[in-house]
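Colleague: here is my input, please return the structure:
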Amino acid sequence: MPEMLADYAPIVGDGVVRELRLLGDRLSGTRVLNVNSTRVGGGVAEILNRLVPLLNEVGLQARWEVVQGTQDFFALTKNLHNALHGAPYTFTPQDAEVFNSTTEINLRQEGGRKMDLAMPHRCFSARGRGLGIHRAIRAALRFERVLGATIRAQT
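Modeller: Have a look, this model is predicted:
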């Protein structure tokens, strides 16, 4: 597999690339599941198309899965997304049923594959230092610190 991270050095700087490799060494072997709603179209799919190989390049075991759901489920998630941005919305018992049943179906489809970190994605701005990999690794490290222990799952 060709190295892609070095291609970002002219954009983010050699120091960021070195830091990412060091952070990757610290989390080597961590199983990361990235989840979003589509493999094509939209910003998240564009980011994950590059992020997953970059995470693997620095030593994590990253994969990307797409949530399967009904039109009702995706309408609900859009409403929740809009509510997080200030739109009025009342979450109903029916919404909870749609959300929970879809989540259960997707978890069963995972077949009990173990992961250390699940990262559900939504669109976000590419401001700041830019590389999603940097945010992903830092999120994993914050998660590890909050738990006060390794994020490795017990096997």
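Colleague: now the one residue sitting closest to the centre of the chain: phi and psi?
Modeller: Among the residues of the chain, M119 comes closest to the average C-alpha position under CA atoms, centre = their mean, at 3.1 Å. Dihedral angles of M119 (phi, psi; degrees, to the nearest 10) stand at phi -120, psi 90.
Colleague: so what's it closest to, chain neighbours aside?
Modeller: Closest residue to M119 apart from its sequence neighbours, by CB to CB, 6 or more residues apart in numbering: N34 at 5.1 Å. Where you see a C-beta, it was placed from the backbone N, CA and C, and this is true even at glycine.
Colleague: please tell me how far the one you found sits from D95.
Modeller: For N34, the distance to D95 equals 25 Å [CB to CB, to the nearest Å].
Colleague: ranges for the strands of the protein?
Modeller: Ranges of strands in the chain, per DSSP state E, are 31-36, 61-66, 117-120.
Colleague: mean neighbour count, those: which tops it?
Modeller: strand 31-36 (a mean of 20; mean count of other CB atoms under 10 Å).
Colleague: by mean pLDDT, point me to the weakest helix or strand of the chain.
Modeller: helix 132-147 (a mean of 53; mean pLDDT, DSSP states H and E).
Colleague: point out where this structure drops to low pLDDT.
Modeller: Filtered on pLDDT under 70, the chain yields the residue ranges 1-2, 111-112, 122-155.
Colleague: kindly recompute the last result at 50.
Modeller: The model of the chain has pLDDT under 50 over residues 123-131, 143-144, 146-155.
Colleague: looking at it, which helix is longest?
Modeller: helix 93-110 (DSSP state H).
Colleague: flag every buried residue along that helix.
Modeller: 95, 98-99, 102, 106 (16 or more other CB atoms under 10 Å).
Colleague: got the angle between that helix and strand 61-66?
Modeller: Angle of helix 93-110 versus strand 61-66, following axes from the mean of the first three to the mean of the last three CA atoms, to 10 degrees, is 130 degrees.
Colleague: and L20, how many neighbours does it have?
Modeller: 23 (other CB atoms under 10 Å).
Colleague: just checking, it touches L5?
Modeller: Yes: judged on CB atoms under 8 Å, L20 makes contact with L5 at a distance of 6.5 Å.
Colleague: distance check, the closest residue to G29 other than its chain neighbours against N106.
Modeller: Leaving aside its sequence neighbours, G29 sits nearest to Q61 (CB to CB, 6+ apart; 6.3 Å). Computed as CB to CB, the Q61 to N106 distance reads 20 Å.
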